[in-house]
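Asker: Give the three-dimensional model of this entry:
(2 chains)
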Amino acid sequence: EVQLLESGGGLVQPGGSLRLSCAASGFTFSNCAMAWVRQAPGKGLEWVSTISSDGGGTFYADSVKGRFTVSRDNSKNTLYLQMNSLRAEDTASYHCAKDSTGSFLFDNWGQGTLVTVSS
Amino acid sequence: DIQMTQSPSSLSASVGDRVTITCRASQGISNYLAWYQQKPGKVPKLLIYAASTLQSGVPSRFSGSGSGTDFTLTISSLQPEDVATYYCQKYNTAPGTFGQGTKVEIK
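Answerer: Reported below is the predicted structural model:
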């Protein structure tokens, strides 16, 4: 069974930083692209970032480009999202998602970790 | 970037009704269109990809159609467990833009 478990969320002040992690199990992590998708409270889904299976390719939404960095450690089956220069509009639940085909199509989702940016 | 627009934003229908949700892309996306279902308090679940291919385990009352810019998700006979928000998404190239969602409720 595919399991994706996010951690690292919390309350942070505007301009601050946070690093999210996603521990994966139940599938061959190194064979799959992975993504972060966020959902602000009561709002819709927003794709944030994708990383290729070997980490050589990274993609970002314009809203986070230059501030967020996605990475992965295939030896630890773990996906990361380093978030810097956080803004109030970054407040959301951040979900990691499995992208089996490397085509920005998300076939499994984690439960999410809540990031709140507020002073 | 390509924009994805869903309609309606919400709907209320009776059990057994046929329900149709539309999704329009601002430019042609061939058949690179997915539908997700998000039940209240749950994470999204992939329902349909390639515009009309059901993900494994999805009930056959769900179907998708379309190509290019116009797509539909149809629930042939609405069931109480189908109460959810449905999102379309263009994929294959970045950004993987989602539609704004359609909330489906039981009348």
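
Asker: does the residue nearest to B:S67 when sequence neighbours are not counted count as helix, strand or coil?
Answerer: Distances taken as C-beta to C-beta, 6 or more residues apart in numbering or on different chains put B:N31 closest to B:S67, at 5.1 Å, once the chain neighbours are dropped. The C-beta positions use only the backbone N, C-alpha and C, and glycine is treated the same way. Put simply, B:N31 is coil when judged by DSSP: H, G, I helix; E, B strand; the rest coil.

Asker: what about B:N31, how many residues close to it?
Answerer: 16 (other C-beta atoms under 10 Å in any protein chain shown).

Asker: What separation is there between it and A:R19?
Answerer: For B:N31, the distance to A:R19 equals 37 Å [C-beta to C-beta, to the nearest Å].

Asker: Now do the same contact list for the residue nearest to B:S67.
Answerer: Shown in contact with B:N31 (C-beta atoms under 8 Å, 6 or more residues apart in numbering or on different chains): B:50-52, B:66-67.

Asker: Within range of chain A, give me the residues from chain B.
Answerer: For chain B, the residues in contact with chain A (C-beta under 8 Å from any C-beta of the partner chain) are B:1, B:32, B:34, B:36, B:38, B:43-46, B:49, B:55, B:85, B:87, B:89, B:91-101.

Asker: And those, which of them are buried?
Answerer: Among the residues of chain B next to chain A, those classed as buried by 16 or more other C-beta atoms under 10 Å in any protein chain shown are B:32, B:34, B:36, B:38, B:43-46, B:49, B:55, B:85, B:87, B:89, B:91-92, B:94-101.

Asker: In strands, which of these fall?
Answerer: B:34, B:36, B:38, B:45-46, B:49, B:85, B:87, B:89 (DSSP state E).

Asker: Quick check: closest non-adjacent residue to the residue of chain A found nearest chain B.
Answerer: Closest residue of chain A to chain B, C-beta to the nearest C-beta: A:F104 (3.5 Å). What sits nearest to A:F104 in space, not counting adjacent residues and going by C-beta to C-beta, 6+ apart, is B:G96, at 3.5 Å.
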